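> Whatever this is, show me its structure:
(one chain, ligands or ions: 2)
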Amino acid sequence: MLTTIEKASVLVEILPYIRKFTGKTFVIKYGGNAMLNADLKNSVIKDIVLMKYIGLRPVVVHGGGPEITALLKQLGKQSSFVSGLRVTDEETMAAAEMVLAGKINTELVAMLNTHGARAVGINGKDAGLIKARKHLATVYEDGQSREVDIGFVGDVAEVKPDIIWTLLNNDYIPVIAPVGAGAAGESYNINADYVAGEIAGALRAEKLILLTDVEGIYRDYHDKSTFVSTLGFADAKRMIREGSIEGGMIPKVEACIRALSGGADKAHIIDGRQNHSLLLEIFTDTGIGTEVVKGEGENDEC
Ligand SMILES: Nc1ncnc2c1ncn2[C@@H]1O[C@H](COP(=O)(O)OP(=O)(O)O)[C@@H](O)[C@H]1O
Ligand SMILES: CC(=O)N[C@@H](CCC(=O)OP(=O)(O)O)C(=O)O
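Ligands and ions are numbered 1, 2, ... in the order given. You can find the predicted model right below:
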């Protein structure tokens, strides 16, 4: 337990970070697997409100994969994924939109506002924020890649960030559901990681932070001693090709690459199961999780 003096010195220690980050935009991707525990969810929400109150400008992009899977199961439908992306037929698209834009988005907005924020829920269709196009999944087999049609799965063709700037400039916290519209107004289910990555790039965010349900990236996911704290682009792409980064981690790493290529300054994948991981990442020197960097990275295995 900290003494009163220790508590005060912790507060003073974050002063340099507040000076550095005041007015800066942070895109936080809050993934469905890190939302499953109610206490933890509450603590993530409080961290985001705290960021806002001390002068940072958080933008939240959320997922909700497990809840979509649960609803589909109730409807008697089995979910399947290709390279971490949900195969999305018409019925799945309707269920995904209902869960993402209808349920999770409104829940997160209500929670943020309960803690004193002014959050506004939107999805990619609002004010033309995200123009989507059909995404073909890439599958790697025996060193070869091929593209697979997985239905109404979208990719971000264009981001028009005006609505986000309007909200940020008026002190709101934008909370964004990962649904977009195609050229003819048709709905696309877009992985939330891609949405977060593209938005972070378009906003030239200070940081993209992806909260997930692992500590970060492992070279070998089954061997915790292979944790990677800094991962370069080339290495990341090779790990995806060779299959050591797989499933839901593929869009996360690709999102970091998109964010940094688009103009974001930094990109981190951190453990959303750890209490206050957001604050630890932003307000301490050591940081946590895996940072994806342009170029080679350190290739460090600790
Ligand atoms: N090399 C790797 N290092 C860490 N996790 C990995 C790796 N390859 C695959 N994964 C998987 O990626 C998962 C995170 O993706 P996902 O379940 O889609 O999370 P979220 O719901 O937070 O978006 C981890 O739980 C883990 O099972
Ligand atoms: C195409 C695709 O896979 N879309 C995702 C959208 C939600 C999401 O990304 O949720 P998480 O962040 O919790 O994984 C899905 O249907 O699950």
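> can you list the residues of the stretch 151-300 of the chain near ligand 1?
Thr212, Asp213, Val214, Ile217, Tyr218, Tyr221, Ser244, Ile245, Glu246, Gly247, Gly248, Met249 (CB under 6 Å from any ligand atom). No exception for glycine: its C-beta is placed from N, CA and C like everyone else's.
> Tell me how many other residues surround the second one.
Counted with other CB atoms under 10 Å, the neighbours of Asp213 add up to 15.
> how about it, what does it touch?
Taking CB atoms under 8 Å, 6 or more residues apart in numbering, we find Asp213 in contact with Gly31, Asn33, Ala34, Asp271, Gly272, Arg273.
> ok, and the closest non-adjacent residue to the closest residue to ligand 2 within the stretch 51-200 of the chain?
Nearest residue of the stretch 51-200 of the chain to ligand 2: Gly63, at 1.9 Å (CB to the nearest ligand atom). Spatial nearest neighbour of Gly63, chain neighbours left out: Ala192 (3.8 Å); criterion: CB to CB, 6 or more residues apart in numbering.
> I'd say the one you found and Gly31 touch.
Yes: between Ala192 and Gly31 a contact is recorded at 6.9 Å, counting by CB atoms under 8 Å.
> Pull up the overlap in contacts between those two.
His62, Gly63.
> Throw the contacts of Asp213 into a markdown table and include secondary structure, neighbour count and pLDDT, thanks.
Putting the contacts of Asp213 into a markdown table (DSSP: H, G, I helix; E, B strand; the rest coil; neighbours: other CB atoms under 10 Å; pLDDT from 0 to 100) gives the following:
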| residue | secondary structure | neighbour count | pLDDT |
| --- | --- | --- | --- |
| Gly31 | coil | 24 | 89 |
| Asn33 | helix | 16 | 82 |
| Ala34 | helix | 24 | 82 |
| Asp271 | strand | 19 | 94 |
| Gly272 | coil | 29 | 92 |
| Arg273 | coil | 16 | 91 |
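> Going by distance to ligand 1, which of these wins?
Using CB to the nearest ligand atom, these come closest to ligand 1 at Gly31, 2.4 Å.
> Spatially nearest residue to the residue in the stretch 101-250 of the chain that ligand 1 sits nearest to (excluding sequence neighbours)?
Nearest residue of the stretch 101-250 of the chain to ligand 1 (CB to the nearest ligand atom) works out as Gly248 at 1.9 Å. Sequence neighbours aside, Gly84 is the residue nearest to Gly248 in space, at 4.7 Å (criterion: CB to CB, 6+ apart).
> pLDDT at the one you found, what is it?
Here, the pLDDT recorded for Gly84 equals 88.
> Surely it and Val253 touch.
No: in this structure Gly84 lies outside contact range of Val253 using CB under 8 Å: 9.8 Å.
> Could you give the separation of the helix or strand containing Leu280 from the chain centroid?
Using DSSP states H and E, Leu280 sits within helix 277-283. Remark: helix 277-283 is offset 15 Å from the chain centroid, using CA atoms, centre = their mean, to the nearest Å.
> Kindly export it (C-alpha atoms) in CSV.
C-alpha atoms of helix 277-283 as CSV (Å, rounded to 0.1, in the frame of the first residue of the first chain):
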residue,chain,number,x,y,z
SER,A,277,-2.3,-1.0,-18.9
LEU,A,278,-3.2,2.1,-20.9
LEU,A,279,-1.9,4.4,-18.2
LEU,A,280,1.2,2.3,-17.8
GLU,A,281,1.9,2.5,-21.5
ILE,A,282,1.4,6.3,-21.7
PHE,A,283,2.7,7.5,-18.4
